[in-house]
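> What would the 3D arrangement of this be:
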Amino acid sequence: MTHQTDTLLAQSVSRKRTISPLLVTVLRFSLETAAVFAATYASGTLYHLFVYRTTGFFPYWEFAAAFSMLFAVISFYRDDYRASVSAMAGKIGQRAFKAFNLTFIFFLVLAFLTKTTAVPSRGTILVFYGLGFAAIYISRHLISALITELTRVGWFAAGRVMVVGFPAELAWVLDHGAPQRHGYDVLAVEQLVRPLEDDLDSPGSGIDAIVEKARWLHPDTVLLALPWSQAETIDQCVRAFMNLPVRVELAPERVLYRFAELRLARLGAMLTLNVLRPPLGHFGRAVKRAFDVVTAFIGLVLLAPLFLVVALLIRLDSPGPALFRQNRYGFNQRPFRIWKFRTMRTQDDGPVIVQATQDDARVTRIGRFLRRWNIDELPQLINVLTGEMSLVGPRPHAIAHNRFYEGKIDLYARRHNVLPGITGWAQVNGLRGATDDDAMQKRVEFDLFYLDNWSLSFDIAILFLTLFSRRSYRNAH
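Predicted coordinates for the structure are as follows:
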């Protein structure tokens, strides 16, 4: 048992709470509402100042009120207002970004259906998208800092918890789960002397004394820190605490912490624990595919004159075709033929492919320019339309390189759980060009981050960075 556990074992009386969770929730709602109103006013003022060179009072009260209410409903539905979630500073940006984008999309749809898109103007709404998210982000960080400080000084607790279990499990739960560091008041930590038998009141079990102590301390939740294999002990503890008005929760086994997301599911009549699922569900794949098809079609139509000019320049610069095709691995490691503008004098597509390097003699004059500005990748819009690629995703490597790195980098093949992309999260962070083992490891880490955090707004952000970020053009050779 750690020193921290020994300290909590000696604690038997709760700190006095002077601030209720409801009051913090009301404060948070008020602060976020004020942030939306301030961002709305600032957006209207800035837009009119820079576009029309006029000043005035542009509060757009109806817009701000409707948006803030919708945002509050979505945040409440996503459980963002729970105090323990509010205190998790590391996930504030991600959760706020998702809630804000959901609200923004729903609001635009509702405004279109009710024909109220004219007020405020579309320009003001675009400015609000940036300012509004910034205001929400700042307000949530302020609330997180407030909850953390109030919890530290003992003025606030999201709930009152009694932890019951065997010594080893108690130590692990308090060190790793750490409810006391996430807004909860741990009233007591109680050890079970040994596994409980059928006789609940057998001498030495200790459960009867623990139940009486819980009756006196009035916890909201009893957390059982027990091995799941001790089914009889778990059953007896649940039966013992049935006589008290408390929630009883079972702490997870240590092995479950190896998995990022867990969900209860059903397989027929059987209750299961889902530990792994595809990065995109059916709805996500449909949305991503629709966005890809529409954008790729528009892109091919608009870029058709550029394609003709580039093809002509390639043919004039060196002998050979304007387009180059090579075998790559796609979704679920299915091979496909990728389209690119030819940038080299050779067209390798065999078991051994040498990566392009700085000042590579194989690269043509026009090819160097095309590679520098990513223009050689544009024909892959054809692969997007045919369903072999996506606009955004892990970049597909030559099959020879794929086979080489699969045996060297853990989870490398997981990149193929989504369609490969013309651009990706690794590329907009400067991870392009020829790679050694360390560089490829880092590229794979960025690709896996994309898989675990996909959203349509993330795709749009990556496309924007592909065009306008300097990092996207690094190491291009």
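
> Phi, psi for the residue lying closest to Lys213 once chain neighbours are set aside please.
Spatial nearest neighbour of Lys213, excluding adjacent residues (C-beta to C-beta, 6 or more residues apart in numbering): Ala188 at 6.5 Å. Where C-beta positions appear, they are placed from N, C-alpha and C, glycine not excepted. Backbone geometry at Ala188, expressed as degrees, to the nearest 10, gives phi -160, psi 150.

> now the one 4 residues further on
When read as degrees, to the nearest 10, the backbone of Leu192 gives phi -90, psi 130.

> just checking, what packs against the helix or strand encompassing Ser457?
For Ser457, the enclosing helix or strand under DSSP states H and E is helix 456-468. Helices and strands touching helix 456-468, as assessed by 3 or more C-beta pairs under 8 Å, 6 or more residues apart in numbering; DSSP states H and E, comprise helix 282-317, strand 390-392, strand 421-423.

> Now do it against helix 282-317, angle only.
20 degrees (axes from the mean of the first three to the mean of the last three C-alpha atoms, to 10 degrees).

> Mind pulling up the pLDDT for Lys115?
Listed pLDDT for Lys115 reads 69.

> before we move on, what about Thr7?
52.

> hmm, back to that, how many neighbours does the residue nearest to Lys213 have?
As a burial measure, Ala188 scores 22 neighbours (other C-beta atoms under 10 Å).

> cool, and Ala178?
The burial count for Ala178: 12, using other C-beta under 10 Å.

> about what we covered before: save the helices and strands packed on helix 456-468 as TSV, and put in distance to Lys408 and mean neighbour count too.
Output for these, formatted as TSV (distance: least, C-beta to C-beta, whole Å; neighbours: other C-beta atoms under 10 Å):
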stretch	distance to Lys408	mean neighbour count
helix 282-317	30	14
strand 390-392	26	26
strand 421-423	22	25
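
> Go through the ones you listed and name the closest to Ile338.
strand 421-423 (9.8 Å; C-beta to C-beta).

> who's in contact with the helix holding Ser457?
97, 101, 287-288, 291, 374, 391-392, 423-425, 427-428, 450, 471-472 (C-beta atoms under 8 Å, 6 or more residues apart in numbering).

> of the residues you listed, the lowest pLDDT goes to which?
Lowest pLDDT among those: Ser472, 79.

> State the distance from it to Phe63.
35 Å (C-beta to C-beta, to the nearest Å).

> Neighbour count for the two, which is higher?
Phe63 (22 against 19).

> Pro120 is in contact with the more buried one, correct?
Yes. Here Phe63 reaches Pro120: they are 5.6 Å apart, a contact under C-beta atoms under 8 Å.

> give me the beta-bridge partners of Glu249?
Beta bridges link Glu249 to Leu223 when assigned by DSSP bridges.

> With Val392 instead?
With DSSP bridges as the rule, Val392 is bridged to Thr423.

> Pretty sure it sits against Ile422.
Yes. Here Val392 lies in contact with Ile422, judged by C-beta under 8 Å, at a distance of 7.4 Å.

> Within its sheet, name the partner strands of the helix or strand harbouring Glu190 and how each one runs.
Secondary structure from DSSP H and E places Glu190 in strand 184-191. Taking DSSP bridges as the criterion, strand 184-191 forms sheet pairs with strand 159-165 (parallel).

> avg pLDDT for the strand it pairs with?
89.

> cool, and stretch 102-110?
Mean predicted confidence for stretch 102-110 is 86.

> Renumber starting at 85 from here on
Shifting the count to begin at 85 puts that one at stretch 186-194.

> Could the C-alpha coordinates of it be exported in PDB?
Output in PDB follows, covering the C-alpha atoms of stretch 186-194 (Å, rounded to 0.1, in the frame of the first residue of the first chain):
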ATOM      1  CA  LEU A 186     -22.100  19.800 -33.700                       C
ATOM      2  CA  THR A 187     -23.900  23.000 -32.500                       C
ATOM      3  CA  PHE A 188     -22.700  25.000 -35.500                       C
ATOM      4  CA  ILE A 189     -23.900  22.400 -38.000                       C
ATOM      5  CA  PHE A 190     -27.200  21.900 -36.300                       C
ATOM      6  CA  PHE A 191     -27.700  25.600 -36.100                       C
ATOM      7  CA  LEU A 192     -27.100  26.100 -39.800                       C
ATOM      8  CA  VAL A 193     -29.500  23.400 -40.700                       C
ATOM      9  CA  LEU A 194     -32.200  24.800 -38.400                       C
END
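
> Show me the contact partners of that stretch.
Against stretch 186-194 from outside (C-beta under 8 Å, 6+ apart): Ala150, Phe151, Leu154, Phe155, Ile158, Thr201, Ile209, Tyr213, Gly216.

> Show me which of these are buried.
Ala150, Phe151, Leu154, Phe155, Ile158, Ile209, Gly216 (16 or more other C-beta atoms under 10 Å).

> Identify the farthest-apart pair in those.
Ile158 and Ile209 (17.7 Å).

> Check Asp433 and give its pLDDT.
58.

> meant to ask about Leu387
95.

> do Leu495 as well
85.

> For it, give its distance to His485.
16 Å.

> Name the nearest residue to Asp521, sequence neighbours excluded.
That would be Lys492: by C-beta to C-beta, 6+ apart, it lies 6.3 Å from Asp521.

> What's the per-residue pLDDT of the one you found here?
85.

> Now find how far off-centre the strand holding Glu274 is within its chain.
Centroid separation between strand 268-275 and its chain, computed with C-alpha atoms, centre = their mean, to the nearest Å, is 32 Å.

> The very next helix or strand once past it packs against which elements?
On the C-terminal side of strand 268-275, the closest following helix or strand by DSSP H and E is helix 291-301. Applying 3+ C-beta pairs under 8 Å, 6+ apart, we find helix 291-301 packed against strand 243-249, strand 268-275, helix 315-325.

> Run the chain-centre distance for the last one.
Same thing as helix 315-325. So, by C-alpha atoms, centre = their mean, the centroid of helix 315-325 is 37 Å from its chain's centroid.

> buried ones in it?
Thr317, Ile318, Gln320, Cys321, Ala324, Phe325.

> How is the chain divided into domains?
105-237, 241-358, 366-557 (automatic domain parsing).

> I'd like the distance from the shortest one to the chain centre, please.
How far domain 241-358 lies from its chain's middle: 29 Å, per C-alpha atoms, centre = their mean.

> same check, this time on the last one
For domain 366-557, the separation from the chain centroid amounts to 23 Å (computed by C-alpha atoms, centre = their mean).

> How about stretch 104-111?
So, by C-alpha atoms, centre = their mean, the centroid of stretch 104-111 is 27 Å from its chain's centroid.

> same thing with stretch 550-561?
24 Å.

> Restricting to C-alpha, output that stretch in CSV.
Provided in CSV are the C-alpha atoms of stretch 550-561 (Å, rounded to 0.1, in the frame of the first residue of the first chain):
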residue,chain,number,x,y,z
THR,A,550,-2.4,21.1,-46.9
LEU,A,551,-2.9,24.2,-49.0
PHE,A,552,-1.8,27.0,-46.6
SER,A,553,0.6,25.5,-44.1
ARG,A,554,4.4,25.8,-44.7
ARG,A,555,4.9,22.4,-43.0
SER,A,556,2.9,20.7,-45.8
TYR,A,557,5.7,21.6,-48.3
ARG,A,558,8.6,20.5,-46.2
ASN,A,559,10.9,17.6,-47.3
ALA,A,560,9.3,17.5,-50.7
HIS,A,561,11.8,16.0,-53.1
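
> and the gap between the nearest residue to Leu387 once chain neighbours are set aside and Phe240?
Nearest in space to Leu387, with sequence neighbours left out and distances taken as C-beta to C-beta, 6+ apart, is Leu462 at 6.2 Å. Look at Leu462 and Phe240: by C-beta to C-beta, they are 55 Å apart.
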